[in-house]
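Trainee: A structural model of the following input is requested.
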Amino acid sequence: MRIVLNGQQAFGQAVLEALIERGDNVVAVYCEPGDAPGRPDPLHQSALEHGIPLLQPKSFRGERVLSEFKDLEPDLCVMAYVTRIVPTSFLNTPVYGTIQYHPSLLPAHRGPSSINWPIIQGEKETGLTIFWPDEGLDTGPILLQKQVVIEADDTLGSLYFNKLYPLGVEALLESIDLVKNGKAPRILQDESDASYESWCNDDAAMIDWSQSTMNIYNLIRGCNPQPGAWTDHQGDIVRFYDVKIADMNGEPGSIVATTSDGLIVATVDGAIEVMRLRENDGPKIRAIDSALAVGTSF
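Mentor: Next up, the predicted model:
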């Protein structure tokens, strides 16, 4: 099959490299326009290194962009980490259509921060979906799904890089093979089970010290490393990263003790131990190395 890969960053690169390694015919790569100075897109670089035609439209709308895509005569488009809206005219151009990776068990957790929210909401499992995108937001028929366990100490980073990233690459390859062999299902999503959450941004990442220990712990895990759950200290923003639950009590939002590893902050029904934090726009540091001390209140 003539495959067009549409994606970005390390995940898109990993999918491209896997396709090339096993001999798939990748006829073009689409990725984000431009390249940030000092932070080149790995997919961009990989496409250039392998001599694969690279297209970087600012939008997927318009007749010129669609005409360029049609000229590639694609059999299948594979979307690996695409955050922009792709119109149905583009999705339906390939002979076998378009398949897309989404890091949740659709129809649950549709939206752009679908890895953060299951952790924040205290769920015990999540997964990934390869689906056939349509005009809706993560609403198309399901081709394949894989489940993963959310461990008690998993963070956004560990869940993605250790589980959903490598499993996602494998799932896309498996899905492409199903398409090739004419065995790829199109299972309609059950709208009665659907949920949607928007971006996990600073509004969502603010720590409310009236919440339970577990709620705060889950919020910090689900925002580590981005955007970083935060609290206010005398007008400064302090972001917490590596944490664990501690057996101690005190005034919610106050540092009640120090350990060899970090600072213990009381909650309404217990405490958390903070091992790593960041103050304002400074670097991430060991909490014990910060200027914060016992008696500090957030």
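Trainee: Report the beta-bridge partners for Ala246.
Mentor: Ala246 has these beta-bridge partners by DSSP bridges: Ala271.
Trainee: In contact with it, which residues?
Mentor: Listed by CB atoms under 8 Å, 6 or more residues apart in numbering, the contact set of Ala246 reads Ile264, Gly270, Ala271, Ile272, Glu273. Using the backbone N, CA and C atoms, a C-beta is placed for each residue, glycine as well.
Trainee: and it, what pLDDT?
Mentor: With respect to pLDDT, Ala246 has a value of 97.
Trainee: let's have the chain start at 237 instead
Mentor: Got it, the first residue is 237 from now on, which makes the last one we talked about Ala482.
Trainee: With Ala527 as the reference, measure out to it.
Mentor: Distance of Ala482 to Ala527, computed by CB to CB, to the nearest Å: 21 Å.
Trainee: Repeat that for Gly298.
Mentor: Taking CB to CB, one finds Gly298 at 54 Å from Ala527.
Trainee: Neighbour count: these two, which is higher?
Mentor: For Gly298 and Ala527, the more surrounded residue by other CB atoms under 10 Å is Gly298, and the numbers stand at 12 against 6.
Trainee: For that one, list the residues it contacts.
Mentor: Per CB under 8 Å, 6+ apart, neighbours of Gly298: none.
Trainee: I'd like to know how far it sits from Val510.
Mentor: 49 Å.
Trainee: strand partners of the host helix or strand of Ile366, parallel vs antiparallel please.
Mentor: Using DSSP states H and E, Ile366 falls within strand 361-367. Take DSSP bridges as the rule and strand 361-367 pairs in its sheet with strand 334-338 (antiparallel), strand 378-385 (antiparallel).
Trainee: tell me the average confidence for the longest one?
Mentor: So that's strand 378-385. On average, strand 378-385 scores 98.
Trainee: cool, and stretch 491-510?
Mentor: 97.
Trainee: Name the residues that touch that stretch?
Mentor: Contacts with stretch 491-510, where a contact means CB under 8 Å, 6+ apart, come from 445-449, 452-453, 456, 476-490, 511-512, 522-524, 526, 528-534.
Trainee: Could you tell me the end-to-end distance of that stretch?
Mentor: By CA to CA, to the nearest Å, the extent of stretch 491-510 from end to end equals 10 Å.
Trainee: Any buried residues in it, and which?
Mentor: 491-492, 498-504, 506-510 (16 or more other CB atoms under 10 Å).
Trainee: and which of these is nearest to Leu241?
Mentor: Val510 (40.7 Å; CB to CB).
Trainee: now the closest one: how far from Leu499?
Mentor: Val510 is 5 Å from Leu499, by CB to CB.
Trainee: who's in contact with the residue sitting nearest the centre point of the chain?
Mentor: The centroid of the chain falls nearest to Ile351 when counting by CA atoms, centre = their mean (5.2 Å). Residues near Ile351 by CB under 8 Å, 6+ apart: Pro339, Ser340, Thr362, Leu392, Leu395, Tyr396, Leu400.
Trainee: Out of the residues you listed, flag the one nearest to Asp438.
Mentor: Leu392 (14.8 Å).
Trainee: Wait, Gly393 touches Cys459, no?
Mentor: No: proximity of Gly393 to Cys459 does not meet the contact threshold set by CB atoms under 8 Å, at 10.2 Å.
Trainee: residues of the longest helix along the chain that come out buried?
Mentor: Counting by DSSP state H, the longest helix found in the chain is helix 401-416. By 16+ other CB under 10 Å, the buried positions in helix 401-416 come out as Tyr401, Leu403, Gly404, Val405, Ala407, Leu408, Leu409, Ser411, Ile412, Leu414, Val415.
Trainee: what is the nearest residue to Thr532 once chain neighbours are set aside paired to in the beta sheet?
Mentor: Spatial nearest neighbour of Thr532, excluding adjacent residues (CB to CB, 6 or more residues apart in numbering): Ile491 at 4.6 Å. Assessed by DSSP bridges, Ile491 has beta-bridge partners Val501.
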